[in-house]
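Q: Okay, structure incoming, though there's no sequence with it:
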């Protein structure tokens with residue numbers, strides 16, 4: 001059997017299917033919402049677009065000029081037909097190209113989109129090669145299959161090591177940070193996204209002619225993949241990553257011993273009383289609360305500390321969590337992005353460590369930009385009275401599974 005026969009059989013199984021990988025319109029919309037505001041006529045690049053389910057939705061919802069790229073011309077032809085039929089034929093351009101060697105100038109796109117496709121060149125390679133294509137303030141959205149179990153079974157590991165070696169969320173977050181990105185949000189895709197892919201694919205496999213050239217091998221591989229998901233689906237899954245190159249105006253990093261006086265000065269200047277500065281000093285002395293590497297500063301061009309953010313250990317009920325407090329920006333640098341940069345950096349550091357949920361008691365119009373939402377809807381409360389909308393929670397790994405209970409802060413908070 002030739003490689004061409006297997007290739008043709010594989011695509012024969014997939015032609016006309018609604019999806020070429022796990023996903024859903026709901027997931028596309030959710031990831032798009034996480035991106036935040038786009039320009040009035042955004043330039044969108046959809047890589048590994050397949051027959052264009054995401055490209056069509058993006059064009060319709062954002063009014064974008066979508067450049068859809070794939071190596072399989074029949075998929076591009078299918079997308080062209082669908083785009084015309086749905087009235088967006090003049091806003092979608094199809095390009096037959098390799099996503100690893102793209103022919104576009106630097107800064108060409110406001111949004112790069114890759115659902116279930118980055119694996120073809122690898123997560124790290126995608127991060128590296130696609131970043132140059134983003135315009136200032138642009139975002140990259142990609143979904144990646146990864147371990148969701150800390151101890152995958154030998155069977156699942158053997159399967160994926162052969163096809164596409166997986167990493168966990170923390171390792172992928174570390175890779176994103178190392179590549180110069182910050183995370184606007186993560187989303188663990190639900191099991192229904194796999195059903196949308198494997199349901200129609202399984203039906204197609206059952207109806208296929210195993211005697212066609214290459215089809216027997218293609219069917220065996222497809223059924224093995226579906227069986228792996230059925231038997232070991234709790235051990236791995238797809239996660240959506242919404243990324244943006246880190247703000248180049250602010251260098252963010254963990255604090256050092258030499259930064260302590262500057263951190264104290266920033267907190268003292270940013271708040272009406274010295275209470276927050278004293279809180280940080282007290283937390284440093286609490287071995288159970290203080291987490292080395294999760295006290296972050298942002299520097300101005302001259303190297304001076306301009307903003308600060310701290311995560312310390314707390315608990316929600318009996319579950320370990322993190323408390324974000326304080327967050328401070330020197331008065332001369334406020335409303336310039338330093339505070340946003342340092343908060344994103346410390347949250348990214350926590351993600352890279354595999355930490356769980358984060359709670360914050362703060363301004364309800366500020367913290368949702370980082371993905372925080374009202375904690376009360378998850379059954380989270382404090383032992384003292386606060387406005388319901390001021391207590392918020394963020395799940396760092398993109399899961400919706402949030403512990404319920406009362407937030408227990410470190411003793412230094414005095415609550």
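A: Thanks, I have it. Given the structure is predicted, the values throughout are model-derived calculations rather than measurements.

Q: neighbours around residue 26, how many?
A: Neighbours of residue 26 under the rule other CB atoms under 10 Å: 13. C-betas here are computed from N, CA, C, even on glycine.

Q: which SS state does it fall under?
A: Residue 26 falls in the helix class when you classify it by DSSP: H, G, I helix; E, B strand; the rest coil.

Q: So it versus residue 57, what's the distance?
A: 10 Å (CB to CB, to the nearest Å).

Q: quick one: the strands in the stretch 151-300 of the chain?
A: 181-188, 236-245, 251-254, 290-299 (DSSP state E, counting those that start in this stretch).

Q: Nearest to residue 278, out of those strands?
A: Residue 278 sits nearest to strand 290-299 of all the strands of the stretch 151-300 of the chain, at 14.7 Å, using CB to CB.

Q: Following the chain onward from the closest one, which element is next?
A: Proceeding N to C from strand 290-299, the next assigned helix or strand is strand 305-316, under DSSP states H and E.

Q: and the gap between residue 148 and residue 224?
A: Taken as CB to CB, the span from residue 148 to residue 224 is 20 Å.

Q: on that earlier part again, a markdown table for the strands of the stretch 151-300 of the chain, including mean pLDDT?
A: Shown next, in a markdown table, are these (pLDDT from 0 to 100):
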| stretch | mean pLDDT |
| --- | --- |
| strand 181-188 | 97 |
| strand 236-245 | 98 |
| strand 251-254 | 98 |
| strand 290-299 | 98 |
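
Q: which one of those lies closest to residue 343?
A: Nearest to residue 343, of the strands of the stretch 151-300 of the chain and by CB to CB, is strand 290-299 at 8.3 Å.

Q: Who are the packing partners of that closest one?
A: strand 251-254, helix 260-270, helix 275-284, strand 305-316, helix 338-352 (3 or more CB pairs under 8 Å, 6 or more residues apart in numbering; DSSP states H and E).

Q: State the mean pLDDT of the helix or strand hosting residue 67.
A: Assigned by DSSP H and E, residue 67 belongs to strand 65-70. Mean per-residue pLDDT for strand 65-70: 98.

Q: List the contacts of it.
A: The contact list for strand 65-70, computed with CB atoms under 8 Å, 6 or more residues apart in numbering, reads 41-50, 52, 55, 58-59, 76, 79, 91-97, 99, 102, 104, 109.

Q: For residue 18, find the nearest of the helices and strands packed on strand 290-299.
A: helix 338-352 (31.8 Å).

Q: so how far is that closest one from its chain's centroid?
A: 14 Å (CA atoms, centre = their mean, to the nearest Å).

Q: Between strand 236-245 and that helix, find me the angle.
A: If you take axes from the mean of the first three to the mean of the last three CA atoms, to 10 degrees, helix 338-352 sits at 160 degrees to strand 236-245.

Q: Heading C-terminal from helix 338-352, find the next helix or strand.
A: Helix 338-352 is succeeded, C-terminally, by strand 358-361 (DSSP H and E).

Q: For that following strand, enumerate the helices and strands it packs against.
A: By 3+ CB pairs under 8 Å, 6+ apart, strand 358-361 packs against strand 305-316, strand 319-329, strand 391-394.

Q: Would you mark the buried spots in the first one?
A: The reference is to strand 305-316. For strand 305-316, burial by neighbour count (16 or more other CB atoms under 10 Å) applies to 305-316.

Q: can you check stretch 39-59 too?
A: Buried residues in stretch 39-59, counted by 16+ other CB under 10 Å: 42-59.

Q: Which residue ranges of the stretch 1-150 of the chain form strands?
A: Going by DSSP E, counting those that start in this stretch, the stretch 1-150 of the chain shows strands at 43-47, 65-70, 92-96, 109-114, 134-147.

Q: any idea of the mean pLDDT for the longest one?
A: By that I understand strand 134-147. 98.

Q: Which neighbouring elements make contact with that strand?
A: Looks like strand 134-147 contacts helix 25-35, strand 109-114, helix 123-130, helix 169-178, strand 236-245 (3+ CB pairs under 8 Å, 6+ apart).

Q: residues in contact with stretch 395-408?
A: 169, 185-188, 239-240, 314-319, 321, 323, 347, 350-351, 354-359, 375, 378-383, 391, 393.

Q: And the residues you listed, which of them are buried?
A: By 16+ other CB under 10 Å, the contacts of stretch 395-408 give 169, 185-188, 239-240, 314-316, 321, 323, 347, 350-351, 355-359, 375, 378, 380-382, 391, 393 as buried.

Q: what comes up buried for stretch 200-214?
A: Those would be 201, 204-205, 208, 214, for stretch 200-214 by 16+ other CB under 10 Å.

Q: hang on, the earlier thing: out of the helices and strands packed on strand 290-299, which is closest to residue 162?
A: helix 338-352 (27.4 Å).

Q: what angle separates that closest one from strand 290-299?
A: 140 degrees.

Q: ok and helix 338-352 relative to strand 319-329, angle-wise?
A: 160 degrees.

Q: Report all helices and strands that helix 338-352 contacts.
A: Using 3+ CB pairs under 8 Å, 6+ apart, helix 338-352 sits against helix 169-178, strand 181-188, strand 251-254, strand 290-299, strand 305-316, strand 319-329.

Q: Which positions in the third one come out as buried?
A: In this case it means strand 251-254. Going by 16+ other CB under 10 Å, strand 251-254 has these buried residues: 251-252.

Q: Direction included, what does it pair against?
A: strand 290-299 (antiparallel) (DSSP bridges).

Q: Next, the buried residues of stretch 9-17.
A: 9-10, 12-14, 17.

Q: Compile these into TSV and extend it with columns for pLDDT.
A: Formatted as TSV, the buried residues of stretch 9-17 follow (pLDDT from 0 to 100):
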residue	pLDDT
9	90
10	87
12	88
13	88
14	89
17	90
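
Q: Quick check: the farthest pair among those?
A: Greatest spatial distance in the buried residues of stretch 9-17: 9 and 17, 14.4 Å, computed using CB to CB.

Q: Which pLDDT value belongs to the closest residue to residue 294 other than its chain neighbours?
A: Spatial nearest neighbour of residue 294, chain neighbours left out: residue 311 (4.1 Å); criterion: CB to CB, 6 or more residues apart in numbering. For residue 311, the model assigns a pLDDT of 98.
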